[in-house]
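J.: My questions are about this predicted structure, shown below with the sequence.
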Amino acid sequence: MINVTTLAQEQVRLYFEDKDIVPIRIFLNSAGCGGPSLAMALDEKKETDAVFTFDDVEYIMDKNLLKKAGPVEVDFAGTGFQLESSLEPPAGCTGCGGGTCCS
């Protein structure tokens, strides 16, 4: 299941205020020093996606990833969106090699 907080949905509605509404994909982003994390981007639906609709905005996520990560909560805090899930964080720093950039 995907849940979108009221504050996050308000920010999404502001973004689409002068644009056509398209689905928002939640996906596993493998870039970054801290290892893989969930991210969002505009995308098209696929047959393998689970779809959740909030205020006419569709949030899509690969069904297999949703099984591993779910439930997922989309929130907005300060300057950006935050995605919370039950995905296990990687052990140690995987991107910088030194281990100090994640502390």
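T.: Thanks, I have it.
J.: Would you map the helices across the protein?
T.: Here the chain has its helices, by DSSP state H, at 6-15, 63-69.
J.: May I see the buried residues of the first one?
T.: Along helix 6-15, these residues count as buried under the neighbour rule (16 or more other CB atoms under 10 Å): 8, 9, 11, 12. Bear in mind the C-beta positions are built from the backbone N, C-alpha and C, glycine included.
J.: For the first one, give me its contacts.
T.: Under the criterion of CB atoms under 8 Å, 6 or more residues apart in numbering, the neighbours of residue 8 are 74, 75, 76, 81.
J.: mind checking how far it is from residue 54?
T.: Using CB to CB, to the nearest Å, residue 8 is found at 9 Å from residue 54.
J.: do the same with the last one
T.: Between residue 12 and residue 54 the computed distance is 8 Å (CB to CB).
J.: okay, and the common contacts of these two?
T.: residue 4.
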